[in-house]
Each structure stands twice: as structure tokens, then as C-alpha cells.
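Visitor: here's my sequence, what's the structure:
(chains A and B)
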Amino acid sequence: SAVISQKPSRDICQRGTSLTIQCQVDSQVTMMFWYRQQPGQSLTLIATANQGSEATYESGFVIDKFPISRPNLTFSTLTVSNMSPEDSSIYLCSVDGLGAEAFFGQGTRLTVV
Amino acid sequence: AQSVTQPDIHITVSEGASLELRCNYSYGATPYLFWYVQSPGQGLQLLLKYFSGDTLVQGIKGFEAEFKRSQSSFNLRKPSVHWSDAAEYFCAVRYGGATNKLIFGTGTLLAVQP
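Guide: Below you'll find the predicted structure:
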């Protein structure tokens, strides 16, 4: 299994500002995934981050709004840009295990006011 | 479109009672099936998974799930629920390969009455 640490665990931000969420994994992985969980909803994949290449975004998510960095095989960041109250969600980082299961960080609970 | 359905949004059971949470997936070859639990303020923890073989799989915390291909179902069960099982449960599926996109159901919120 993989141990994933996310920072910050929660934050309250003003609309129009940006927040960068960090994700650290205890082992080297090829792909890292970022999910959004809106209040009372399920998880939606935002993008897949590969080291050394541009992130791949899912339909409905764009790089200008959710820029992602992947500087090495154990670390990634997701930035939520120009935030509005609609961006209030839990953001989760994930990696795949050897058995096709996914492991998740504890999430970042974002409230935009 | 490939999807996962969890028909029950909320379920309340008494402590000590049995539990079954339903999950149905849309038809697809070689589904990889998972159940996750999310406790308040926490990330997701894997309870169990099914790829092939014995259709009754055992997981952590006393949970089990049964894969029924004919019904496209992968229901989660526990014979005796504990108060600490109160959480949200998500069924998830990968279609067509172990590295394909993970698709989540909408979740079932479990409440446990004393």
C-alpha cells in the first residue's frame, strides 16, 4: 500500500484567490490523480498527472482553473485558481496500487467565502 | 456510458444488525470492482476488491462482497454492524483494464442506531 500525505487538510479562502494543495507519496509512482468531491457528492476525476509531461484533464476541467505540477515521482500539486464558492469541495490525491486498487490521501477540505 | 449505481442514498441500521449495501454496474467486460469507506473528515479506505476467481470476497473490518455477473451487482455485506461502521460507502469500478479510469458510485451514507 501507499501512504499519501496532503497539505493543507483544510482551508477557508476568499473568492478570487488561489490555493495550492500538495500531495506527497511515500514511494515512486508513475501517475498521480486528483479528484474533487463536492458536498454530498461522489468523487470526480479532475486530472491525471504524469511526471515529465503535461497533466491530462477530464471533460469539464481545464488547466487554467486547475494547474497541476508534477516535479518528481513522489510529489504533485494542484492549484485551484480564481476561486468561487462553487469550488468549495474536498480535493483528494490518489495513486494506484499494484493490484489496480487506488489509495487516497486524507483530502483537503476547501471552503470559499 | 459506463456507470456505477448505488440505489440507496441513506441507510440506517441498528447496532448488531446485518447490513447489505447495493451496487450495480453497467455492462462491461472485465470489471474490476471495489468498495471504499469514507469516515467523516477522512480520505477513502479500501475495504475489498474483486478481479476474478471466487465471487465472494472478504475484506477488512468484517466486510464481504459478492460479485454476481448475471445481475451486474457487487453488494457489500456485514453480518453484525458496529457503531464505528457509520460512514459513507462508495462502490467503484474499472472497466476493461487494471489501469483504466476508476468510476465511483454516488455513495451510501450509513447511520448506526444504538
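
Visitor: bridged to residue 35, which residues?
Guide: Answering for chain A, as no chain was given. Counting by DSSP bridges, residue A:35 is bridged to residue A:45, residue A:92.

Visitor: hm, I was asking about chain B
Guide: residue B:48, residue B:91.

Visitor: and residue B:114, how many neighbours?
Guide: A count of nearby residues for residue B:114, using other C-beta atoms under 10 Å in any protein chain shown, gives 6. For glycine as for every other residue, the C-beta is placed from the backbone atoms N, C-alpha and C.

Visitor: I'd say it and residue B:83 touch.
Guide: Yes - between residue B:114 and residue B:83 there is a contact at 6.8 Å, judged by C-beta atoms under 8 Å.

Visitor: residues in contact with residue A:81?
Guide: Neighbouring residues of residue A:81 by C-beta atoms under 8 Å, 6 or more residues apart in numbering or on different chains: A:18, A:64, A:65, A:66, A:67.

Visitor: try 6 Å
Guide: By C-beta atoms under 6 Å, 6 or more residues apart in numbering or on different chains, the residues touching residue A:81 are A:18, A:65.

Visitor: local confidence estimate at it?
Guide: On the pLDDT scale, residue A:81 is placed at 98.

Visitor: what's the answer for residue B:28, then?
Guide: 68.

Visitor: what is in contact with residue B:114 and residue B:83 at once?
Guide: residue B:15.

Visitor: identify each buried residue in stretch B:18-33, please.
Guide: For stretch B:18-33, burial by neighbour count (16 or more other C-beta atoms under 10 Å in any protein chain shown) applies to B:19, B:21, B:22, B:23, B:24, B:25, B:31, B:32, B:33.
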